[in-house]
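>>> Test case, fold it:
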Amino acid sequence: MKIYRQLSGALALFALVFNTGHAANVTSAEALQIKSEIKQLVDNYAITRDNWDAKGHAGLFTEHAKLIMNGAVTEGAAAIQKRVEGLNHDGRSLHMMTSSQITIIDKNTATGIQYVAVYTVTPDKPVKDEESIAVKGPSRMGKYFDKYERTAEGWKFAERRLQTVFTTAE
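So this is what the prediction gives:
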């Protein structure tokens, strides 16, 4: 029985090393750099979206990317920019990107799962930027399933699909 546990442990360790290093054909240092750059991409997604920066937001996507929000597909960076421009800019939002898992496929492609809690509100009256707005909680919480590509400008979303898990109960 002991030999089976040792053999299972050795096989599991071998599979982990093989899948994270050899299969991706990247060094540990390269993997850390890739994950850091993708994390920055994810953070920039939230910041550009919350600040109504439609052009900056669209620039995070490849030319032919797909943004899938609860089944609705927006295809291409130009269409993604128009989508953000067409949203109600009277409200405020705050995208809180939390837990993440990034899987490196190779030096130019990766996939990921990013958890998100989104707070949104449209105030009854104008609110100054420095004023706080009371909310009961996040309006939605979910997971983004991502495909990333390295381009000449850096890492970008090739596809981003939102699966809403929870919404605010009224």
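>>> So which bits of the helix or strand containing Val165 are buried?
Following DSSP states H and E, one finds Val165 within strand 154-167. Buried residues in strand 154-167, defined by neighbour count with 16 or more other C-beta atoms under 10 Å: Trp155, Lys156, Phe157, Ala158, Glu159, Arg160, Arg161, Leu162. All C-beta spots, glycine's among them, are computed from the backbone N, C-alpha and C.
>>> Just give the number of residues close to Gln114.
23 (other C-beta atoms under 10 Å).
>>> Please look at it and Val42 and confirm they touch.
Yes: taking contacts as C-beta atoms under 8 Å, Gln114 lies within contact range of Val42: 5.4 Å.
>>> Which of the buried residues of strand 154-167 sits closest to Met141?
Distances from Met141 to those, taken as C-beta to C-beta, are shortest for Leu162 (10.6 Å).
>>> The closest one is in contact with Tyr144, isn't it?
Yes: assessed by C-beta under 8 Å, Leu162 is found in contact with Tyr144 at 5.6 Å.
>>> Give the burial count for Ala65, as a bare number.
Neighbour number of Ala65 under other C-beta under 10 Å is 21.
>>> ok, it to Tyr119 distance?
Between Ala65 and Tyr119 the computed distance is 25 Å (C-beta to C-beta, to the nearest Å).
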